[in-house]
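# next come a sequence and a model predicted from it.
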Amino acid sequence: MRRDGGGLNRLDIAFVSETYPPEVNGVAMTVGRLVGGLRERGHRVSVIRPRQGQGDTGEDYDLALPGLPLPGYPGLRFGLPAGRRLAWQWRQRRPDIVHVVTEGPLGWSAVSVARRLGIPVTSGFHTNFDRYSEHYGVGWLRPVVAAYLRALHRRTLATMVPTTALAAELAGSGIGGVRVVGRGVDTALYDPARRSPALREQWRAAEGSPVCLYVGRLAPEKNLALVRKTFAAIQASHPAARMVWVGDGPSARLLAREHPEHHFAGTQLGADLASHYASADLFLFPSLTETYGNVVAEAMASGLPVVAYRSAAAAELIKDGLDGLAVAPGDERSYVAAVLELLAMPASLTAMGQAARQCMLPRDWSGVVASFEAVVQEVLVG
């Protein structure tokens, strides 16, 4: 720990994570934003993670360790236990604090080593892995996975989460030191001004006909069956409506085969992704497994009304009927009805999109980085 000229603590922070940019997922994006923001604030931040594939040189982070493919997530690897390597690394240069992002074997060994060396350790809760088990035919494992997650987070001094609802849930399960850090959104990137007539023409979207958008992993745990069901209902009253899917995953081939009339854009990044958001008219997001759901904030910043279940980011961000629609979790009939009612009122659709944009403008990443920094400082003070 060192102090700058203004007397502020400048810290040496070690992040341990199974995922990191340029990988495309919400956790990788969040970790990248935190690491970049902390470095901008003068902290030394090291990143420790599994090596991702043969072309991964480890140049984007400080320590690349062996890993194995993550089942159901092609292109991602989970870290193996690395107690000896971590102990050697941290004895050579002792960090002020270790922050464990993901809960795999690498994360567990990082918590163990940090505790053994007397280094304060915090964690982040980013993914409901216990809920995922039900969507991959191993629902019987859910209690075991949930118990493992609780055990890991109970061994850290603070667990950082994106929403107050998740904080209450984890605290109720016996995890102490839960702190809400939140999530931000890049409103300069995700902007309604990026709407592209050329892109809508590529989608074969007729003038005045709604374009519905889904962005995210194309996988069973995202409840994509409800997106399909909802869009089928939309087509009954809006035959020229278009459905656009952005993302990739294990369900991508089946969706494309069963719905050749839909547009599948694959993975999109940066300005291209922002243009896809801004060029649509309505964002459909029926997932019930999220701890947050960055895509909800990105869609709203892009001027899109979002229809989602009242959970995670939707519960925190959407003011129902003002800047989007949030329905009771699991109520599929109400979800479909809400979408049809909104599309029947084009003026409300436009007004909600404008309100959604205004709601997101104050939610920049600098505030989230400052919140993370405050929790770390609190832990170190004791």
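Yep, that arrived. Small disclaimer: the values here were computed from a predicted structure and weren't measured. Residues are numbered from 1 along each chain as shown.
# which parts of the stretch 51-200 of the chain are strands?
Assigned by DSSP state E, counting those that start in this stretch, the stretch 51-200 of the chain shows strands spanning 63-65, 67-70, 73-79, 97-100, 121-124, 159-161, 178-180.
# top helix in the protein by residue count?
Looking across the chain with DSSP state H, the single longest helix is helix 365-381.
# which of the residues in that one are buried?
Across helix 365-381, burial judged by 16 or more other C-beta atoms under 10 Å covers Trp365, Val368, Val369, Ser371, Phe372, Glu373, Val375, Val376, Val379. Placement of C-beta: from N, CA and C, glycine included.
# then stretch 203-216?
For stretch 203-216, by 16+ other C-beta under 10 Å, it's Trp203, Ala205, Pro210, Val211, Cys212, Leu213, Tyr214, Val215, Gly216.
# now the phi/psi pair for the first one, please.
In this case it means Trp203. phi -80, psi 0 (degrees, to the nearest 10).
# ok, it touching Trp245?
No. Assessed by C-beta atoms under 8 Å, Trp203 is found out of contact with Trp245, at 11.0 Å.
# can you get me a residue count around Pro66?
13 (other C-beta atoms under 10 Å).
# please name the spatially closest residue to it (chain neighbours excluded).
Leu80 (5.4 Å; C-beta to C-beta, 6 or more residues apart in numbering).
# list the buried residues in stretch 108-125.
Neighbour count says stretch 108-125 has 108-114, 119-125 buried, by 16+ other C-beta under 10 Å.
# equivalent analysis for stretch 14-28, please.
Buried, per 16+ other C-beta under 10 Å, within stretch 14-28: 14-21, 23-28.
# okay, buried residues for the helix or strand containing Ala347 please.
Taking DSSP states H and E as the definition, Ala347 sits inside helix 346-360. Neighbour-count burial for helix 346-360 flags Leu349, Met352, Gly353, Ala355, Ala356, Arg357, Cys359, Met360 (criterion: 16+ other C-beta under 10 Å).
# from the chain's centroid, how far away is it?
23 Å (C-alpha atoms, centre = their mean, to the nearest Å).
# from Val307, how far off is Pro66?
Distance of Pro66 to Val307, given as C-beta to C-beta, to the nearest Å: 43 Å.
# picking that back up, how about the buried residues of helix 365-381 in CSV, adding distance to Glu261 and pLDDT?
Listed next are the buried residues of helix 365-381 as CSV, based on distance: C-beta to C-beta, whole Å; pLDDT from 0 to 100:
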residue, distance to Glu261, pLDDT
Trp365, 38, 95
Val368, 40, 96
Val369, 43, 97
Ser371, 44, 96
Phe372, 44, 97
Glu373, 49, 96
Val375, 48, 97
Val376, 50, 97
Val379, 53, 96
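# Asp96: which of those is nearest?
Val376 (8.3 Å; C-beta to C-beta).
# worst average pLDDT in the strands of the stretch 51-200 of the chain?
Lowest mean pLDDT within the strands of the stretch 51-200 of the chain: strand 73-79, at a mean of 69.
# how about the spatially closest residue to Pro95 that is not a sequence neighbour, what does it touch?
For Pro95, ignoring the flanking residues on the chain, the nearest one in space by C-beta to C-beta, 6+ apart is Ala14 at 4.1 Å. Neighbour list for Ala14: Val45, Ser46, Ile48, Trp90, Pro95, Ile97, Val98, His99 [criterion: C-beta atoms under 8 Å, 6 or more residues apart in numbering].
# in the helix or strand encompassing Gly32, what's buried?
Taking DSSP H and E as the definition, one finds Gly32 inside helix 26-40. Across helix 26-40, burial judged by 16+ other C-beta under 10 Å covers Gly26, Val27, Ala28, Met29, Thr30, Val31, Gly32, Arg33, Leu34, Val35, Gly37, Leu38.
# run the chain-centre distance for that helix.
On C-alpha atoms, centre = their mean, the centre of helix 26-40 falls 12 Å from that of its chain.
# and the contacts of that helix?
13, 15, 17, 19-22, 45, 47, 101-102, 126-127, 183-184, 292-295, 365-366, 368-369, 372-373.
# among the residues you listed, which lie within helices?
Short answer: the contacts of helix 26-40 in helices (DSSP H) are Asn294, Val295, Trp365, Ser366, Val368, Val369, Phe372, Glu373.
# if I look at the third one, how far off is Asp62?
The one in question is Trp365. From Trp365 to Asp62 the distance is 22 Å (C-beta to C-beta).
# do the same with Gly330
With C-beta to C-beta as the criterion, Gly330 and Asp62 are 43 Å apart.
# then Gly118?
21 Å.
# cool, Arg179 as well?
Distance from Arg179 to Asp62, by C-beta to C-beta: 25 Å.
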